[in-house]
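Undergrad: 3D model of this:
(2 chains)
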There are 2 protein chains.
Amino acid sequence: MRSDLDRLMHTYNLDAIVVLGDETPNTFRDYLTGRAKANGNIFKKRDEQAVIIVNGMEVDEAAKSGLRVMTYYDFDFAALYEQFGSQPGKLRRELFLNYFRKLDIRGRVGFYGAAAVNGMLPNLLHLIDSNLGVELALEDDTLALFSHMYETKDIAEIAALREAGRLTSEVVRRAWDFLSSHYASDQAIGSPIINEYGEPLTIGAVRRYIQAQETALGLEDSEGFIFAQGRDAGMPHSVGEDSDVLEVGRSIVFDIFPRGGESGYFHDMTRTWCLGRAADDVQAAYDDVMHAFHMVMHAFKVGAPTSQYQVMVLDYFESRGHATQRSKPGTMEGYVHSLGHGIGLNVHEAPMFGEKSTHVLQVGNAFTVEPGLYYPERGYGVRVEDSVYIDEHGVVQRLTDFPYDLVVPLRKR
Amino acid sequence: MRSDLDRLMHTYNLDAIVVLGDETPNTFRDYLTGRAKANGNIFKKRDEQAVIIVNGMEVDEAAKSGLRVMTYYDFDFAALYEQFGSQPGKLRRELFLNYFRKLDIRGRVGFYGAAAVNGMLPNLLHLIDSNLGVELALEDDTLALFSHMYETKDIAEIAALREAGRLTSEVVRRAWDFLSSHYASDQAIGSPIINEYGEPLTIGAVRRYIQAQETALGLEDSEGFIFAQGRDAGMPHSVGEDSDVLEVGRSIVFDIFPRGGESGYFHDMTRTWCLGRAADDVQAAYDDVMHAFHMVMHAFKVGAPTSQYQVMVLDYFESRGHATQRSKPGTMEGYVHSLGHGIGLNVHEAPMFGEKSTHVLQVGNAFTVEPGLYYPERGYGVRVEDSVYIDEHGVVQRLTDFPYDLVVPLRKR
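TA: The predicted structure is shown next:
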């Protein structure tokens, strides 16, 4: 967690870290600033307070971070602008060097953050060429500083995740009720869903309804969500076609992953729904998915490798005759992804749950559990996903609060 | 514009470009894919079709880009996972090299995109070390490929910008009407604004109302907006405090910059409002800002350097006794920023309007015009901003469609 930063800088032998940033959304910076609205770079020496360097217009917002705030003008910007004002690239590179000189950032330095590549790369290579005594500590399989911190959440983070879960579950509840207020034109599989005026219900209309609920509840839908029917539901990352009319019995994969507008912490949950009734093949796939889901939910145990649960699910689905990425690498039918992923300020972060992931379950983990089966050519897919965390007693607690039911009942005429 | 890509790759002597990407929002990738929901890297050789490499789960969404779609499995992912599955860093680096080998990306290569630094940097330095014949073409003041393309918009982009402008102006109109439906508890400057039940109106309540209008109109508020009163209005990038109660006569800076949910193109506009009446000093600053605004709006001319307009505004404000970043570098009082910036898939892009910017006005430019005056210690700030574009006849056309009035009338009791 965040309070481990200095300790981990010792562990990883880092003299300093730099969190690069521009206008690109930047969860590394958000993690250190508490999402202050400031577009600066952050410099932190081990065991010292971090400094954020911003445009003077942003000092008030940057101060909310609790970091020490400095502006470009503290690094000879006025003289550099006078000299290089018409060469913005050169200006940026020289200003960047001044940060290291003036703050005395040297030794083994880790670079983090998120930024435009064409802006950042010339600065970094210029820094390397300039012999200011900075040695780049590159991330590899033995150095993963932020990922290591992200792996466990502190109490404030768990509270933010719980709130995001509560609100997202409420959005899903309202979406269920909205769908349930509609009619089937006919009970046969594939019949269109209609409203009280007999007009067909499209995915676009449902999407707008859901977006309005997210906004009303203070959730940010920065990444969009998946509301996909039939073949699209069979492609795990297909978002769904707004012009499609919803139909009786088809599988709908509804995967929603907004973040709290205040906190920035994500929730991630998925339900698979059939309107009115379920086609038999969808019901069978759903039963297998729910079996896998409950199996791992009951098996999670602090100290166990995360990969063990992916292997359990691979074994189970293969025993049920489904292809997997293990039995048939590259398959797009059957079980085609990993069991879950950590969740926090990033919608995907440590711990990971792949077959060869090396993470181990521990108190403070927050992660998704999302087995799924996909048959795009047969026109369906099923995924069920909750987000959970491991409390101080080692107990898995659900962050998601909504039933798993497959069939959404429709109104009778 | 986008169709200039191959021509500009010749101009800049680029054999290929690579647009790096992960889950980080990435306007470079959006620009080439039309915002397809696919988290891959893009590789493009000069005069050849671009390739996007994605997770197999994303092929359907990636295909909407019109680019050639390949998956990790086309680059020996299965064998690499078998060998390096428990070393994700090593796995990513080796996979990254395979892209260059298999697609035969060599020669002078430009790197673009946006990504997490700790993921991208090891890959790039590994590539340099691996002698695959890739020479990094670093961006500097003589190479600015995407920025060069962004500088002018094609017809489809102008249409998207117009639509974003129309919808954003409608949000501002609704915000005006909402404020105007409230009462002053008293006519004196500083008296609280109240609703029909006598309850005080807070910035938070206004912010939620505005957010709901954005969502209802299909705008994405990915960057937030500024609704700041009094001293906060005097800090150009202060977003405003939700708990503050709105007051009669104070300056409110309302700067809103959402993007079209479908197109992704931003609009950017600012109005300064006083509720009920305006304090005298705010009115005087507003008059100076509007003079500067109309002065440059009437002076814009294709072929003129953008810096000329910043200089005009600096001259004018200084003649009116205001400090500027030219007369007093680093000042946070007076006129403290540049006159405007290009607008497109990025809220800030070329052309720039600084005193030393080297851009020249041309047909197809789309940009903001936003003079402002800031006096945080005196408790106010004023900024007025429209977005505009230059049409095929060289005429400046407003994308923003809302009056500039300072005083928002309140309801009478």
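
Undergrad: sec struct for A:Asp315, please.
TA: Under DSSP: H, G, I helix; E, B strand; the rest coil, A:Asp315 falls in the helix class.

Undergrad: how many residues are close by it?
TA: 13 (other CB atoms under 10 Å in any protein chain shown). All C-beta spots, glycine's among them, are computed from the backbone N, C-alpha and C.

Undergrad: return the per-residue confidence for it.
TA: Residue-level confidence at A:Asp315 comes out at 98, pLDDT.

Undergrad: what residues are up against it?
TA: By CB atoms under 8 Å, 6 or more residues apart in numbering or on different chains, no residues touch A:Asp315.

Undergrad: how close does it sit to B:Ser65?
TA: From A:Asp315 across to B:Ser65, the span is 37 Å (CB to CB, to the nearest Å).

Undergrad: same question, A:Val248
TA: For A:Val248 relative to B:Ser65 (CB to CB), the value is 33 Å.

Undergrad: now do A:Asn13
TA: 42 Å.

Undergrad: of these two, which one has the most company?
TA: Using other CB under 10 Å, the more surrounded residue of A:Asn13 and B:Ser65 is B:Ser65, with 22 against 12.

Undergrad: helix, strand, or coil at that one?
TA: Assignment for B:Ser65 (three-state DSSP): coil.

Undergrad: that one touches B:Asn39, doesn't it?
TA: No - look at B:Ser65 against B:Asn39 with CB atoms under 8 Å: they stay out of range, at 12.0 Å.

Undergrad: find the nearest non-adjacent residue to the residue nearest the centre of chain A, please.
TA: Note on chain A: the residue nearest the mean C-alpha position is A:Val347, at 0.6 Å, using CA atoms, centre = their mean. In space, and not counting its chain neighbours, A:Val347 is closest to A:Phe266: 4.7 Å by CB to CB, 6 or more residues apart in numbering or on different chains.

Undergrad: what comes into contact with the helix or strand where A:Glu61 lies?
TA: Using DSSP states H and E, A:Glu61 maps to helix A:59-63. Applying CB under 8 Å, 6+ apart, the external contacts of helix A:59-63 come out as A:33, A:36-38, A:40, A:52, A:54, A:69, A:71, B:232, B:235, B:237-239, B:332.

Undergrad: just among those residues, which is most surrounded?
TA: A:Ile52 (28 neighbours).

Undergrad: contacting residues for it?
TA: With CB under 8 Å, 6+ apart, A:Ile52 has these contacts: A:33, A:36, A:38, A:40-42, A:62, A:65, A:67-70.

Undergrad: could you list which of these belong to helices?
TA: A:33, A:62 (DSSP state H).

Undergrad: export the contacts of A:Ile52 as TSV, with columns for distance to A:Ala144 and pLDDT.
TA: Formatted as TSV, the contacts of A:Ile52 follow (distance: CB to CB, whole Å; pLDDT from 0 to 100):
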residue	distance to A:Ala144	pLDDT
A:Thr33	21	96
A:Ala36	25	91
A:Ala38	26	88
A:Gly40	24	93
A:Asn41	21	97
A:Ile42	18	98
A:Ala62	27	95
A:Ser65	24	95
A:Leu67	23	97
A:Arg68	26	98
A:Val69	29	97
A:Met70	29	97
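
Undergrad: list the neighbouring strands of the helix or strand containing A:Val109 plus their orientation.
TA: Using DSSP H and E, A:Val109 falls within strand A:107-116. If you go by DSSP bridges, strand A:107-116 pairs up with strand A:16-21 (parallel), strand A:134-137 (parallel), strand B:107-116 (antiparallel).

Undergrad: gap between the nearest residue to A:Phe100 once chain neighbours are set aside and chain B?
TA: Excluding its sequence neighbours, the residue lying closest to A:Phe100 (CB to CB, 6+ apart) is A:Leu132, at 5.1 Å. A:Leu132 sits 17 Å away from chain B, taking CB to the nearest CB, to the nearest Å as the criterion.

Undergrad: got it, and A:Leu97?
TA: From A:Leu97 to chain B the distance is 15 Å (CB to the nearest CB).
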